[in-house]
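Participant: Provided below for reference: sequence and predicted model.
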Amino acid sequence: MAVNKSISATHLPEFAAALLSQRETLPRAQIIAEEAAAMVPNSAVVVYVVMDEGSPVWVPKATVGEIALGAREVEFGVGTLSAAAEGNSPVLFASAELSREDYAHLDVRRTVTSLAYVPLFASESVMGMIEMVSYEDPPTPQMLRSVGEIAGLAGPAMRASLDYENERNASLGSVTRVTQMYDLEKVFNSNLEMDELLTRIAGKFEEVMNVQAVNVWMVDGDAVKLVSRAGVDPTVEMDTLQRPGEGIAGDVSDNGEMALISDPEDERLRKRNGDIEDGAVFSLLATALMDRESLVGVVELINRRDGLPFDEDDEFQLVTSAKPPATLCTTPACCRPNARSKSWKRWSRSAKRSLPRSTWRVCCTPWSTGRRPSFRMTGPRSRWNNEASSRSRRSPGWRQSGWATRR
């Protein structure tokens with residue numbers, strides 16, 4: 001007995017060095033499995049990790065020996081794995097105590113004589129498990145103590161590897177978001193026709209944000225109009241007009257503040273869904289499309305495809321990604337002749353006939369829907385706008401400038 005304990009103690013520094021030589025979870029789990037299999041002869045070993053303590057499941061990361069797994073994940077709270085997790089010491093189940101359902105997660109072709117478990121702890125919480133399946137003699141108490149010694153190092157090592165991978169994935173996610181921003185701007189700048197641009201804006205947002213639907217609303221007088229959509233959203237029809245107080249997009253256009261709704265029971269979502277069940281909105285994220293201080297429109301994201309509600313990371317990504325399309329939907333794009341609609345040309349000719357050449361310039365948005373642009377006189381202290389501008393709301397900090405932007 002003392003000899004086995006001495007051998008285990010001798011191997012601890014080598015075992016720790018082997019763990020430190022690897023930074024990721026899979027290779028560390030494989031080292032743990034191989035070490036446990038060496039300590040318990042004639043057995044197969046599986047190392048499990050609890051990836052998310054908020055919604056825990058057992059995820060197998062490494063195996064050694066004659067064994068196969070029947071599932072990629074094992075439910076937490078049932079079976080021998082969860083029974084062993086209730087304590088903080090090794091547990092041995094003899095075959096007489098077990099039914100086949102107790103280890104249904106294992107695909108074994110030989111007679112099982114015993115199952116042994118050693119939990120992996122980190123910060124006083126179970127974050128993994130070493131499972132040993134014996135086909136001949138069960139492991140002795142000394143063998144289990146030896147495995148328990150390596151488990152004292154294995155638990156913190158696995159926690160460190162998970163933290164490393166989470167941090168790395170977060171960094172890669174940030175790089176991916178930056179890359180997507182450049183890709184968005186490149187795609188948007190390649191489109192001269194406004195109708196095509198709006199379609200690409202909605203489609204790209206749907207692809208990048210991985211959502212059920214994207215709605216793009218543009219300013220129309222004192223309201224916003226739904227002019228483009230990617231995906232499926234049965235809760236609102238195309239060409240719908242929303243004013244402040246009539247819907248989420250209308251409210252965002254009025255106050256300029258982002259709307260993040262993650263509660264399916266929110267009164268605004270219940271009103272919007274009505275009697276609709278298939279495709280109903282359970283989470284919504286909306287932000288104003290702004291160019292400098294001018295409101296161009298509103299973009300809405302409907303339901304993440306993974307079923308989770310929108311969070312602060314989605315909010316940051318949407319705000320960052322909304323800048324290129326907002327800029328392209330305003331005055332600078334008017335310099336592109338291909339983007340000007342017939343309506344723009346018609347109204348600009350009308351302005352030339354009605355005003356002296358020295359006192360006018362046209363300020364418009366390259367739109368193909370036929371709405372009238374605004375005309376500003378450049379003479380001292382004089383200004384003339386279209387009828388929609390003259391009837392605009394005078395909310396604090398905002399003023400309407402033409403039909404395509406509101407400040």
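Facilitator: Happy to help now that I have it. Numbers count the residues shown, from 1 in each chain.
Participant: from now on I want contacts and neighbour counts done on CA atoms only, so please keep to that.
Facilitator: Fine.
Participant: so what's residue 116 bridging to?
Facilitator: Counting by DSSP bridges, residue 116 is bridged to residue 92, residue 132.
Participant: any idea how far stretch 297-314 is from the chain center?
Facilitator: Relative to the centre of its chain, stretch 297-314 is centred 8 Å away, using Cα atoms, centre = their mean, to the nearest Å.
Participant: now tell me what touches it from outside.
Facilitator: 206, 209-219, 224, 233, 249, 252-253, 260-263, 281-290, 326, 405 (Cα atoms under 8 Å, 6 or more residues apart in numbering).
Participant: with only the CA atoms kept, save it in CSV.
Facilitator: In CSV, the C-alpha atoms belonging to stretch 297-314 read as follows (Å, rounded to 0.1, in the frame of the first residue of the first chain):
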residue,chain,number,x,y,z
GLY,A,297,-34.0,55.7,-40.0
VAL,A,298,-34.3,52.8,-37.6
VAL,A,299,-33.0,49.2,-37.8
GLU,A,300,-34.7,46.4,-35.9
LEU,A,301,-33.3,43.0,-35.1
ILE,A,302,-35.9,40.3,-34.3
ASN,A,303,-35.1,37.1,-32.3
ARG,A,304,-31.7,35.6,-32.1
ARG,A,305,-31.6,32.2,-33.9
ASP,A,306,-30.0,30.5,-30.9
GLY,A,307,-33.2,31.2,-28.9
LEU,A,308,-31.4,33.4,-26.4
PRO,A,309,-32.5,37.0,-25.7
PHE,A,310,-30.4,39.9,-27.0
ASP,A,311,-27.7,41.2,-24.6
GLU,A,312,-25.2,44.0,-24.2
ASP,A,313,-22.8,42.4,-26.6
ASP,A,314,-25.4,42.4,-29.3
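Participant: and that stretch, what's buried?
Facilitator: Within stretch 297-314, the residues that qualify as buried are 297, 298, 299, 300, 301, 302, 303, 304, 309, 310, 314, counting by 16 or more other Cα atoms under 10 Å.
Participant: could I get the residues you listed as TSV with distance to residue 322, pLDDT and secondary structure?
Facilitator: TSV is the format used below for the buried residues of stretch 297-314 (distance: Cα to Cα, whole Å; pLDDT from 0 to 100; DSSP: H, G, I helix; E, B strand; the rest coil):
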residue	distance to residue 322	pLDDT	secondary structure
297	10	88	strand
298	9	92	strand
299	8	92	strand
300	11	94	strand
301	12	94	strand
302	15	94	strand
303	18	94	strand
304	18	92	strand
309	20	91	coil
310	16	91	coil
314	12	86	helix
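Participant: ok, of those residues, which one's closest to residue 277?
Facilitator: Among the buried residues of stretch 297-314, residue 303 lies closest to residue 277 (Cα to Cα), at 13.5 Å.
Participant: contacting residues around the residue lying closest to residue 137 once chain neighbours are set aside?
Facilitator: Of all residues not flanking residue 137 in the chain, residue 113 sits nearest, at 7.0 Å (Cα to Cα, 6 or more residues apart in numbering). Counting by Cα under 8 Å, 6+ apart, residue 113 touches 94, 95, 133, 134, 135, 136, 137, 138.
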